[in-house]
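sequence plus predicted model, see below.
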Amino acid sequence: DHRHPAGSLLIEAATSEFLGRIDRTIVSRAFADAAYNQYLAEAGKRIILDKTPRYWTALEFLESVYPEAPHILLMRNPYAIAASLKSTWGIPLRAEGSHSASVSSLVDLMLRLPDGIISSLADLVLGLPRLVAHRTRPQTQSVQYELLVAHPDEEIRRLLTALGCDPAAVTSTEMRQADYLRTSRFGDRKILERSAIDQSSVDAWQSQL
């Protein structure tokens, strides 16, 4: 913690030096096992789904910690992703056809943008190709967003079958209110306003952009 009296940078350096002498992957797996298992036990569940676009930055690490873990790759129209960045997180995307696409102009743009915006643009520009390349991993299941919202029952049952779960155990794919989001600082807040899956977001990018 940054408030540690010994100084967070000093503690980080000492911890890294100590863990550098052993297999850090085993330590990471033990920590993750303890955290996930406690979370599952308290929730009375056996499967946890951990979702964030930022996992594209740590795919090799995740592979080393849990090489057999199934990955679900949710793909979406890149224009819709850009529109979501704009409407959900306020990323100021706009068309400026008069600007050149030279390296110098891109560098100048990046230097003028806040870190939060740069990270979001990196998710789209750098992360998307990394995730697409990840489709060839044997334990990776791909889902197309547009198909998911158009045919949620079929797509969810197909995914459950591929993951080795019993699709017959799912009686309905209707949305349930994610109450934990109300007390969390993370996650898309717009889901709290929805009670059913619909396709309104599929073509919304055309007006949002």
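Structure received.

tell me how many other residues surround residue 166.
Number of residues near residue 166 (other C-beta atoms under 10 Å) recorded here: 9. Placement of C-beta: from N, CA and C, glycine included.

gap between the longest helix seen in the chain and the chain center?
The residue-count maximum for a helix in the chain (DSSP state H) belongs to helix 24-43. Using C-alpha atoms, centre = their mean, to the nearest Å, the mean C-alpha position of helix 24-43 is found 19 Å from that of the whole chain.

tell me the buried residues in stretch 134-141?
By 16 or more other C-beta atoms under 10 Å, the buried positions in stretch 134-141 come out as 134, 141.

show me where the chain has its strands.
71-75, 140-144 (DSSP state E).

which one is residue 32 nearest to, not counting chain neighbours?
Of all residues not flanking residue 32 in the chain, residue 65 sits nearest, at 6.3 Å (C-beta to C-beta, 6 or more residues apart in numbering).

what do you get for residue 117?
Excluding the flanking residues, the one nearest residue 117 by C-beta to C-beta, 6+ apart is residue 91, at 5.5 Å.

for that neighbour, list the residues it contacts.
Residue 91 sits next to 85, 117, 120-121 when contact means C-beta atoms under 8 Å, 6 or more residues apart in numbering.

point out where this protein drops to low pLDDT.
Applying pLDDT under 70 to the chain flags residues 93-113, 172-178.

per the record, what domains does it have?
Per the TED database, the domain ranges recorded for the chain read 10-48, 49-94+101-207.

possible to save these as JSON lines with distance to residue 1?
Putting the domains of the chain into JSON lines (distance: least, C-beta to C-beta, whole Å) gives the following:
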{"stretch": "domain 10-48", "distance to residue 1": "9"}
{"stretch": "domain 49-94+101-207", "distance to residue 1": "17"}
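
out of these, which comes closest to residue 2?
domain 10-48 (9.7 Å; C-beta to C-beta).

distance from the chain centre to the closest one, please.
20 Å.

who does residue 140 bridge with?
Residues in a beta bridge with residue 140, per DSSP bridges, are residue 71.

that one contacts residue 70, doesn't it?
Yes - using C-beta atoms under 8 Å, residue 140 is in contact with residue 70, at 7.5 Å.

which of the domains of the chain is buried the deepest?
Highest mean neighbour count among those (mean count of other C-beta atoms under 10 Å): domain 49-94+101-207, with a mean of 13.

residues in contact with stretch 76-90: which ones?
Under C-beta under 8 Å, 6+ apart, the answer for stretch 76-90 is 91-93, 116, 120-121, 123-124, 128, 144-146, 188-190, 201-202, 204-206, 208-209.

apply 10 Å and report the result again.
53, 75, 91-94, 116-117, 120-121, 123-125, 127-128, 143-146, 148-149, 188-190, 201-209 (C-beta atoms under 10 Å, 6 or more residues apart in numbering).

got it, and stretch 144-163?
If you take C-beta under 10 Å, 6+ apart as the criterion, stretch 144-163 is touched by 47, 70, 72-77, 80-81, 139-143, 165-170, 172-175, 196-203.

distance of residue 69 relative to residue 32?
Per C-beta to C-beta, to the nearest Å, residue 69 is found 10 Å from residue 32.

alright, that wraps it up for me.
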